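Peer 1: For reference, the sequence and a predicted model appear below.
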Amino acid sequence: MLATLMALPALAGGHGHKREMKKGILLVAFGTSVPRAQVSFKNIEKKVKTAYPDIPVRWAYTSKIIRDKLAKSGQHLDSPETALAKMMDEGFTHVAVQSLHTIAGEEFHDLQRNVHAFMGMAGGFDNIQVGNPLLSVQKDLERVVAAMIKNIPKERKKSEAVVLMGHGTPHPANAFYAAMMFHFQQQDPNIFVGTVEGTPEIGDIKSMLLAKKIQKAYLIPFMSVAGDHAMNDMAGEEDDSWKSILSAAGIPCIPILKGTAEYDDIVDIWVDHLSDALSRF
Ligand code: CO
């Protein structure tokens, strides 16, 4: 008897109508306005659809600036809140919201708060779960470090530096970047991690490279997409790009314009976090 009851579909909010479980996945990224950088998101979507062929996938961008920019060129991207409202109207009962952010900074916490707000709505979802960003627990750090090391260009010599460019944030989760550098250097002392908008800064990294008498550096974005920051702040021709700053200090640079979501073993970590979210229904 109990088993029969448990097998019944969930009840909708009003009038006791039974409704079938309808699962959905919402992928949430900061977003990018650089068309070429979309290859990162396409790769994630392909892997998610391969892992969960029967669950519809929707997208949302957390950055309003990016959404507005895309809207001007006729591309419409939803915010997570709009995307969830639409999914609610479409009758989804269970939604896994997967954060494609790198660390659990401001954007991730805002997302979590707003997802929680959707949980309290009458006639809304039966269950929404949020999947963690790329780096959330110690195991993620170790997996990310191993995956990034595997993807370093083969021609790089051990005496040459690899400098990863993270985004960085004033949020305390910024500490992940320095923690990651520690783990990298346990395995390969010439791998460095800096950030554009947090710490360590490029000045810190430059001093470390000079102290080690590094002759050459590979610059690699540590962001899901190789977008504006990678193209301009990392590899641009302006005086204040990382390439220019290090070159001026006598360290020629080879920029690699590939986002982390283009590396399959990094995407696997996000997909595992999504699986974890789906398993919590
Ligand atoms: Co930025």
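Peer 2: Everything's here; your move.
Peer 1: the longest helix in the protein is where?
Peer 2: Ordering each helix of the chain by length in residues (DSSP state H) puts helix 264-279 first.
Peer 1: What average pLDDT does that helix get?
Peer 2: When pLDDT is averaged along helix 264-279, the result is 98.
Peer 1: On the three-state scheme, residue 124 is what?
Peer 2: coil (DSSP: H, G, I helix; E, B strand; the rest coil).
Peer 1: Which pLDDT value belongs to it?
Peer 2: Reported pLDDT for residue 124: 90.
Peer 1: Does it touch residue 88 like I think?
Peer 2: Yes: using CB atoms under 8 Å, residue 124 is in contact with residue 88, at 5.4 Å. (C-beta placed from N, C-alpha, C; glycine too.)
Peer 1: which neighbours do the two share?
Peer 2: residue 118 (CB atoms under 8 Å, 6 or more residues apart in numbering).
Peer 1: any chance you could map the strands in this structure?
Peer 2: Ranges of strands in the chain, per DSSP state E, are 23-29, 57-61, 94-99, 127-131, 161-166, 191-195, 217-221, 253-255.
Peer 1: In TSV, list these along with distance to residue 202 and mean pLDDT.
Peer 2: Shown next, in TSV, are the strands of the chain (distance: least, CB to CB, whole Å; pLDDT from 0 to 100):
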stretch	distance to residue 202	mean pLDDT
strand 23-29	25	98
strand 57-61	27	97
strand 94-99	27	98
strand 127-131	31	97
strand 161-166	8	98
strand 191-195	5	98
strand 217-221	10	98
strand 253-255	11	98
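Peer 1: so can I have TSV of the ones you listed showing mean neighbour count?
Peer 2: Shown next, in TSV, are these (neighbours: other CB atoms under 10 Å):
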stretch	mean neighbour count
strand 23-29	23
strand 57-61	20
strand 94-99	26
strand 127-131	20
strand 161-166	25
strand 191-195	24
strand 217-221	24
strand 253-255	19
